[in-house]
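[1] Could you work out the structure for the sequence below:
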Amino acid sequence: MRLIALSAAALMFSATAALAAPASVSVTLAPELQKKFDKTYGQREADLLTADLRSSVEKSLAKTSAYDGAKIELTLVDVKPNRPTFKEMADKPGLSFQSFGVGGASIEGRVTSADGTQSRVDYKWFETDIRQTWANWIWSDAEWTFDRYAKKLARGEEVARR
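    Down below sits the predicted model:
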């Protein structure tokens with residue numbers, strides 16, 4: 001009897017979860033930033049960052065039902081690396097991966113909810129103090145910005161402040 005009750009509860013839970021479609025997330029690059037990637041940073045880095053932003057947002061939104069059925073369109077407007085990219089080091093042999101600086105990212109976004117309501121969800125953060133830079137990776141501050149943005153979005157802070 002207990003097994004039947006647990007099976008029924010699991011079936012009800014999976015049925016409700018199936019009704020709620022997760023938010024669809026798309027990430028594009030602003031035209032000016034795409035030019036910067038083509039000329040300076042390299043296309044590999046653009047692909048890596050757009051995938052990372054999308055993944056961060058999807059993971060955070062998977063923990064909440066606040067944006068179920070919504071369409072989230074994000075545009076990466078600007079990024080600044082903490083260390084030279086592989087293309088930069090190939091183009092300028094004097095650069096070293098040991099070089100580091102402050103980084104960050106700027107994101108513009110729009111959420112279209114299931115009922116058609118649209119909200120802007122822009123966010124930007126760039127480190128200003130070199131002493132606070134924990135640059136273990138080329139895009140440390142940008143990835144930290146993505147994670148922070150995704151958590152704020154999942155909690156509804158970005159929409160609520162508008």
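[2] what's the weakest-modelled helix or strand in this structure?
    helix 2-19 (a mean of 47; mean pLDDT, DSSP states H and E).
[3] what's downstream of that helix, the next helix or strand?
    Where DSSP states H and E defines the elements, the next helix or strand beyond helix 2-19 is strand 24-29.
[4] So which elements touch that next one?
    When contacts are defined as 3 or more CB pairs under 8 Å, 6 or more residues apart in numbering; DSSP states H and E, strand 24-29 packs onto helix 43-61, strand 71-80. (Each C-beta comes from the backbone N, C-alpha and C, glycine too.)
[5] how about a cut-off of 10 Å?
    helix 31-36, helix 43-61, strand 71-80, strand 104-112, helix 140-155 (3 or more CB pairs under 10 Å, 6 or more residues apart in numbering; DSSP states H and E).
[6] wait, which of these is closest to residue 87?
    helix 43-61 (7.3 Å; CB to CB).
[7] What's the separation between the spatially most central residue of the chain and residue 88?
    By CA atoms, centre = their mean, the chain has its centre lying nearest to residue 53, at 2.4 Å. For residue 53, the distance to residue 88 equals 21 Å [CB to CB, to the nearest Å].
[8] go on, residue 50?
    Taking CB to CB, one finds residue 50 at 19 Å from residue 88.
[9] What of residue 133?
    Residue 133 is 17 Å from residue 88, by CB to CB.
[10] Check residue 42 too.
    Counting by CB to CB, the gap from residue 42 to residue 88 is 8 Å.
[11] Check residue 43 too.
    From residue 43 to residue 88 the distance is 13 Å (CB to CB).
[12] The two: who's more crowded?
    residue 88 (17 against 11; other CB atoms under 10 Å).
[13] excluding its backbone neighbours, what's nearest the more buried one?
    residue 95 (5.9 Å; CB to CB, 6 or more residues apart in numbering).
[14] what sits against that neighbour?
    By CB atoms under 10 Å, 6 or more residues apart in numbering, residue 95 lies in contact with 83, 84, 85, 88, 89.
[15] please redo it, this time with the cut-off set to 7 Å
    Applying CB atoms under 7 Å, 6 or more residues apart in numbering to residue 95 gives the contacts 84, 88, 89.
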